[in-house]
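1. Fold the stuff below for me.
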Amino acid sequence: MKLRLLLLLLLTVTFTFSLGAQKLSKLPKTEREKKIMEIAKEVYKRDKFKAFYREYGEPKIVERAATQDYDNPDTPSYGVRKGEILYSVYFFYDMTKERMEEDFAAKVVISDKTGLALYITLGNMYIYPINPHKPRE
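-> Numbers count the residues shown, from 1 in each chain. Presented below is the predicted three-dimensional model:
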């Protein structure tokens with residue numbers, strides 16, 4: 001009896017976690033965009049990037065498919081497969097008041113499959129991996 005109860009509990013927990021691990025693209029558009037913005041802002045507001053943080057205009061979300069497999073662990077997109085959906089969130093700055101190498105203050109790239117930020121590119125073209133060398137399936 002205890003074994004059956006334990007098995008039932010284990011199945012319930014597994015099912016619950018698998019529901020939460022769905023791809024971002026499976027969410028309704030408004031919910032997906034809200035979640036992507038939350039992830040991107042959390043990364044961008046970290047202390048390490050404080051000097052580049054800007055709140056100017058509306059951030060822009062761009063969806064794209066990876067054009068190749070990223071098998072090199074030294075790349076910030078390590079583990080991403082060709083065709084996998086990636087979301088780039090662009091944060092802008094006032095170009096009349098300052099100038100950076102890029103036309104954005106920061107760009108955060110998020111995996112559709114895992115819902116995790118892969119890397120952030122700052123306006124000075126520096127790229128910082130968010131979870132370096134963490135294998136992505």
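2. doesn't Lys41 fall inside a helix?
-> Yes - the assignment for Lys41, made by DSSP: H, G, I helix; E, B strand; the rest coil, places it in a helix.
3. Not counting sequence-adjacent ones, nearest residue to the residue positioned nearest the centre of the chain?
-> The chain has Ile110 as the residue nearest its centroid, 2.1 Å off, counting by CA atoms, centre = their mean. The shortest distance from Ile110 to any non-neighbouring residue, by CB to CB, 6 or more residues apart in numbering, is to Tyr87 (4.6 Å). For glycine as for every other residue, the C-beta is placed from the backbone atoms N, C-alpha and C.
4. Please enumerate the helices of this protein.
-> Using DSSP state H, the helices assigned to the chain run over residues 2-20, 29-44.
5. Which of these comes out lowest on mean pLDDT?
-> Among those, helix 2-20 carries the lowest mean pLDDT, a mean of 48.
6. and the nearest residue to Val108 once chain neighbours are set aside, what is it in contact with?
-> Spatial nearest neighbour of Val108, excluding adjacent residues (CB to CB, 6+ apart): Ala40 at 4.0 Å. Ala40 is in contact with 59, 89, 91, 108, 110, 117, counting by CB atoms under 8 Å, 6 or more residues apart in numbering.
7. Just put the residues you listed in JSON lines and tack on pLDDT and distance to Arg99.
-> JSON lines is the format used below for the contacts of Ala40 (pLDDT from 0 to 100; distance: CB to CB, whole Å):
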{"residue": "Pro59", "pLDDT": "96", "distance to Arg99": "20"}
{"residue": "Val89", "pLDDT": "98", "distance to Arg99": "21"}
{"residue": "Phe91", "pLDDT": "96", "distance to Arg99": "16"}
{"residue": "Val108", "pLDDT": "97", "distance to Arg99": "21"}
{"residue": "Ile110", "pLDDT": "97", "distance to Arg99": "27"}
{"residue": "Ala117", "pLDDT": "95", "distance to Arg99": "26"}
